[in-house]
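>>> Give me a 3D structure for the following:
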Amino acid sequence: MAYELKVNLIHDEAKLPYRANKGDAGLDLYSVEEKVIKAGESELIRTGIQIELPKGTEAQIRPRSGLALKHSITVLNSPGTIDEGYRGELKIILINHGKEDFTVEKHMRIAQMVIAPVLQVEPVKVEQLSPSKRGEDGFGSSGK
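Presented below is the predicted three-dimensional model:
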């Protein structure tokens, strides 16, 4: 079942999010500007779009594997969360973990957006949690 994602193009250079292959989880997001990200620094990149998410969902902004592998470019706050009620322009924080400056070009695919359901919970204060097999074992507790 497909849900409708309303997209408003607010910039002349904006492109609709695009799913490269049927069944892919992510929709590619595109830059509307050219900007240099210096080695070791981050930049806010405009997409020129606004979205209206289906009720009970969020948009998760994730890195593109090709940019990460080939250029060490990734989404800084990955995954970034776009809340259902946000109506502003989508802007992506990219960081350059590489040793050379990287130029983001107009219409370059800069990130991917996955729409996911959100479970609404109400925090309740308790005195004790139910036991589990794992208990309080944390980092590295499951082995190699």
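
>>> Find the centremost residue of the protein, please.
With distances taken as C-alpha atoms, centre = their mean, the residue of the chain nearest its centroid is Ile61 (0.7 Å).

>>> any idea whether that residue is helix, strand or coil?
strand (DSSP: H, G, I helix; E, B strand; the rest coil).

>>> Leaving out the residues flanking it, which one is nearest to it?
Nearest residue to Ile61 in three dimensions, chain neighbours excluded: Gly80, at 3.7 Å (C-beta to C-beta, 6 or more residues apart in numbering). Yep, even glycine has a C-beta here, placed from its N, CA and C like the rest.

>>> which phi and psi does the one you found have?
According to degrees, to the nearest 10, the main-chain angles of Gly80 amount to phi -70, psi 150.

>>> Retrieve the pLDDT associated with the residue nearest to the centre of the chain.
Predicted confidence (pLDDT) at Ile61: the value is 98.

>>> Contact partners for it?
Ile61 makes contact with Leu29, Val75, Ser78, Pro79, Gly80, Thr81, Ile82, Leu90, Ile92, Ala111, Gln112, Met113, according to C-beta atoms under 8 Å, 6 or more residues apart in numbering.

>>> Not counting residues beside it along the chain, what's closest to the first one?
Using C-beta to C-beta, 6+ apart and skipping the chain neighbours, the partner closest in space to Leu29 is Ala111 (4.8 Å).

>>> And that neighbour, how close does it get to Glu127?
Distance from Ala111 to Glu127, counting by C-beta to C-beta, to the nearest Å: 43 Å.
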